[in-house]
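> Show me how the following folds:
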Amino acid sequence: MTDQYFGITDTGKERQNNEDAFIARQGAENRFIIACVIDGVGGYAGGEVAAGLAREAILKRLEKPSGDVISMIIDCFELANERIIEQKQLNKEYAQMSCVSTLALADIANNQFYYAHVGDTRLYLLRDNSLVKISHDQSFVGFLEESGRLSEEEAMNHPKRNEINKALGFESHLGKNTDYIETGQSPFLSGDMLLLCSDGLTDMLGSAEITAILTKEVPLKQKGKELIDAANRNGGKDNVTVVLVHNDKVPQQHAATAIKQREPASPEPIGWASGQPTRDDEAEPPVPKSNKGIIAVLSVLALIFLASTVYLYLQSKEQDIIPGKQPIVVVSKPADPLQLKLQKAVDNLKGNVLILSDTAYKTPIIINDAIRINRDSLLIKAKGHIVFQSDSGYTGAAIKLSAKCKSIVLDSLSFVNFNTGISLANNAVELKNVRFVNCKQSLQNELAFADKKYISGKLPYLVIKADSLPVSNKK
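Coordinates of the predicted model:
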């Protein structure tokens, strides 16, 4: 396990100083690999100072790990934020400084990683040669790209790509603002790789180019240098920082093993799959004929018990030991505060009209559990345009209507990256200016029939004035 992590930073081709910082080391009492990228906000004096203060605060907090991991990494960012604000108040020259950062703690022994994120640095997971973006850009252009309004190439070249909505040093007491720091955790399996990087990399390289370098059969150090070199070849317009973490454990088939036991009166040793041959020079005393049946029965029962135990163990470990059977990336994280806010607004609404303002929902509403509507009638209308986006690994619907719903109108909403956009139990929905982006099916109508009774007649269907919506009726 000698090639587990590597970090590198470079000034780039156009900047005079490097406002990036990074961490790539074993830490937190050797429980985790600490991986962190920090980008001092460019254009202001002190970006480099802010990045240094954040790095120092994070390492200080992790010297003595305590509490659950997510709370601990939130503490890291809160402490970094307070250090930066304190310094801004002491030195007017640094009054506008701040930084953005992504921090990950990789627990290779237990195949897990945890992360916290603020701003537009990024966290990716490479699994089975596929690159998955884990963090969400907290920026105007990031919002446009994740909502499907901009392609990756358009976002990379957008004039406002460096404008950010959140950073460490923007406001104090982050702990009171529960939606400020993005956090999460995910399995980190054998062969997986984490990439943390500043926007100096992703503004210069697309995901395909990054994947091509990460999947090369070369050491992490060479991969990191190749990413930096490629960004500089493409222009190197900003500081470029890369941190890589690799779960280099090799999946192995677990052979059935057992300790060979001998009865004092056994005629010959019982050979099990222990990998150790029976020695020919071990003399065995004779066994009375009456004991052979008992010994044979006990041996068979022991073998059956061992085989059952090993089979159940292998089944539980199958995803990690069989190449090609790695599970889908599932990031377990708390519900998005905007999702909770919307569900509460629906549940507590007095009347039948709910107006959603894009000033209150500035970023996509990340869905990891369906917004449930259980009322006779409701109009949800967006001022501006509100985006629902599926969380990593979520396979359910964005909105689920109960059988109680009779007239539900959705106006000016977008649904991005869902298996199912809207699930309903009848023909209760009407759509106006609604868009589905990268959704396997936009609507799913679930029909329920009385148990054990014959059904006659045509099935109900949906009539919706929209363009090319994939709709399914599910019995």
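> Report the separation between the nearest residue to residue 133 once chain neighbours are set aside and residue 241.
Excluding the flanking residues, the one nearest residue 133 by Cβ to Cβ, 6 or more residues apart in numbering is residue 124, at 5.6 Å. For every residue, glycine as well, the C-beta is placed using N, CA and C. Separation of residue 124 from residue 241 (Cβ to Cβ, to the nearest Å) stands at 14 Å.
> rewinding a little: element containing the residue nearest to residue 133, please.
Per DSSP states H and E: residue 124 is located in strand 122-127.
> just how off-centre is that strand within its chain?
8 Å (Cα atoms, centre = their mean, to the nearest Å).
> could you point out which element follows it?
strand 130-133.
> just how off-centre is the following helix or strand past that next one within its chain?
Beyond strand 130-133 on the C-terminal side, the first helix or strand identified by DSSP H and E is helix 140-146. Its chain's C-alpha centre and that of helix 140-146 lie 18 Å apart, by Cα atoms, centre = their mean.
> Just the C-alpha atoms of helix 140-146, please, in PDB.
Output in PDB follows, covering the C-alpha atoms of helix 140-146 (Å, rounded to 0.1, in the frame of the first residue of the first chain):
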ATOM      1  CA  PHE A 140     -23.900  30.600 -11.000                       C
ATOM      2  CA  VAL A 141     -22.300  28.700 -14.000                       C
ATOM      3  CA  GLY A 142     -22.300  25.500 -12.000                       C
ATOM      4  CA  PHE A 143     -26.000  25.900 -11.400                       C
ATOM      5  CA  LEU A 144     -26.600  26.300 -15.200                       C
ATOM      6  CA  GLU A 145     -24.500  23.300 -16.000                       C
ATOM      7  CA  GLU A 146     -26.000  21.000 -13.400                       C
END
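> Name the residue in residue 124 and residue 241 with the higher neighbour count.
The residue with more neighbours, out of residue 124 and residue 241, is residue 241; 31 against 20, by other Cβ atoms under 10 Å.
> and the more buried one, what is it in contact with?
By Cβ atoms under 8 Å, 6 or more residues apart in numbering, the contact set of residue 241 is 7-10, 20-22, 37-39, 197-198, 200-201.
> try it again with 7 Å
Neighbouring residues of residue 241 by Cβ atoms under 7 Å, 6 or more residues apart in numbering: 9, 20, 22, 37, 197-198, 200.
> Go through those and flag which are in strands.
Judged by DSSP state E, the subset of the contacts of residue 241 located in strands is 9, 20, 22, 37, 197.
> how much space is there between the fourth one and residue 115?
For residue 37, the distance to residue 115 under the criterion Cβ to Cβ works out to 11 Å.
> which residues do those two both contact?
residue 102.
> So between these two, which is more surrounded?
Set residue 37 next to residue 115 and count neighbours by other Cβ under 10 Å: residue 37 wins out with 31 against 27.
> and the closest residue to that one other than its chain neighbours, how many residues sit next to it?
The shortest distance from residue 37 to any non-neighbouring residue, by Cβ to Cβ, 6+ apart, is to residue 196 (4.4 Å). Using other Cβ under 10 Å, residue 196 has 30 neighbouring residues.
> which residues does residue 196 contact?
Counted by Cβ under 7 Å, 6+ apart, residue 196 has contacts 35-37, 102, 104, 121, 123, 243.
> Pull up the gap between it and residue 7, please.
8 Å.
> One more: residue 454?
68 Å.
> Tally up the residues packed near the closest residue in space to residue 388 that isn't next to it in sequence, please.
Closest residue to residue 388 apart from its sequence neighbours, by Cβ to Cβ, 6+ apart: residue 398 at 4.4 Å. Counted by other Cβ under 10 Å, the residues lying close to residue 398 total 26.
> what does the one 4 residues further on give?
Per other Cβ under 10 Å, the neighbour tally for residue 402 reads 14.
> what are the phi and psi values for it?
With angles defined as degrees, to the nearest 10, residue 402 sits at phi -80, psi 170.
> now do the one 3 residues further on
Geometry field for residue 405 lists phi and psi as phi -70, psi 140, criterion degrees, to the nearest 10.
> pLDDT weak spots in the protein?
1-2, 42-45, 178, 251-301, 307-334, 426-427, 447-453, 456-475 (pLDDT under 70).
> Pull the contacting residues for residue 376.
Contacts of residue 376 (Cβ under 7 Å, 6+ apart): 404-406.
> follow-up on the earlier one: partner strands of the strand holding residue 124, parallel or antiparallel?
strand 130-133 (antiparallel), strand 193-197 (antiparallel) (DSSP bridges).
> Can you check what angle separates the helix or strand containing residue 24 from strand 193-197?
Here residue 24, judged by DSSP H and E, is contained in strand 20-27. Per axes from the mean of the first three to the mean of the last three Cα atoms, to 10 degrees, the angle that strand 20-27 makes with strand 193-197 is 150 degrees.
> so how far is residue 20 from the nearest residue to residue 97 once chain neighbours are set aside?
Setting aside the residues directly before and after it, residue 97 is nearest to residue 46 in space (Cβ to Cβ, 6+ apart), at 3.2 Å. Distance, residue 46 to residue 20, using Cβ to Cβ: 14 Å.
> quick one: which of the two has more around it?
Between residue 46 and residue 20, counted using other Cβ under 10 Å, the more crowded position is residue 20 (29 against 24).
> ok, now which ones touch the more buried one?
Here residue 20 is in contact with 9, 38-40, 51, 198, 239, 241 (Cβ under 7 Å, 6+ apart).
> mind running it again at 8 Å?
Contacts of residue 20 (Cβ under 8 Å, 6+ apart): 9, 37-40, 51, 198, 200, 239-241.
> Residue 205 too?
Contacts of residue 205 (Cβ under 8 Å, 6+ apart): 227, 230-231, 234.
> And stretch 66-73, what's buried?
Neighbour-count burial for stretch 66-73 flags 69-70, 72-73 (criterion: 16 or more other Cβ atoms under 10 Å).
> of all these, which comes closest to residue 352?
Here the nearest of the buried residues of stretch 66-73 to residue 352, counting by Cβ to Cβ, is residue 70; it sits at 38.6 Å.
> Tell me how far the closest one lies from residue 351.
Taken as Cβ to Cβ, the span from residue 70 to residue 351 is 38 Å.
> The helix or strand containing residue 366 pairs with which strands, and in what direction?
Assigning secondary structure by DSSP H and E places residue 366 in strand 365-367. Take DSSP bridges as the rule and strand 365-367 pairs in its sheet with strand 377-390 (parallel).
> neighbouring contacts of the strand it pairs with?
143, 146-147, 346, 349, 352-359, 361, 364-367, 371, 398-399, 405-419, 421.
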